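J.: give the three-dimensional model of this entry:
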Amino acid sequence: MKTNNKVTAGKSSLIKKMNMSLILDVIRKKGPISRSEIAEITELTPATITNITSELIDAKLIVEGEVGESSGGRKPIMLRIRCDYYRVIGIYIGSRKLKIMASDLMANSKYNKQIAYEKEQITYEEISKILEEEISNIKQKYENKGKKIVGIGIGINGIVDTQKGM
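T.: Numbering: from 1, shown residues only. Next comes the predicted model:
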């Protein structure tokens, strides 16, 4: 990267995170997929693919699955996203309804709830309380089953004031 006529190297930890994200995305989109196919698609070295996929397996984000077809050499072990371990919560706050959902890492819906309300009859505090209770219930439900919540995304309608950050 070049700034003010100075050349700076990228941090290896950042590059590793970027490569990990790239590999995860390829597995998500193309899986089940072999390590050699990932290397071909990403143009990363086989050693990098092996190291990162080992970390992703240890983190329970991906799993080794069936054995793939061989084109002459050793049969490849196919990789895929591990859907049974992690959950993601999604929330939509609309003008007349609240939608709460949970999915696995492949966006397969595992929980859906919709709460309708009249815009004029609900306060922000009431919405916050509902969300807090729902998130707590979802967390408890999945953690009791040995699953982990890894993220929450919230979408909301409204005008954004970037100057005030509101």
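J.: show me the contacts for the most centrally placed residue in the chain.
T.: Nearest to the mean C-alpha position of the chain, counting by Cα atoms, centre = their mean, stands residue 105 at 5.6 Å. Applying Cβ atoms under 8 Å, 6 or more residues apart in numbering to residue 105 gives the contacts 28, 61, 81, 82, 83, 86, 88, 150. Glycine gets a C-beta too; all of them are placed from N, C-alpha and C.
J.: return the member of those residues nearest to residue 129.
T.: residue 88 (22.3 Å; Cβ to Cβ).
J.: the closest one pairs with what?
T.: For residue 88, the beta-bridge partners are residue 103, residue 151 (DSSP bridges).
J.: who are the contact partners of it?
T.: 102, 103, 104, 105, 149, 150, 151, 152, 153.
J.: the last one against residue 91, yeah?
T.: Yes - the pair residue 153 and residue 91 passes the contact test of Cβ atoms under 8 Å, sitting 7.0 Å apart.
J.: tell me which of the two has more neighbours.
T.: Set side by side, residue 153 and residue 91 show more neighbours around residue 91, with 16 against 10, by other Cβ atoms under 10 Å.
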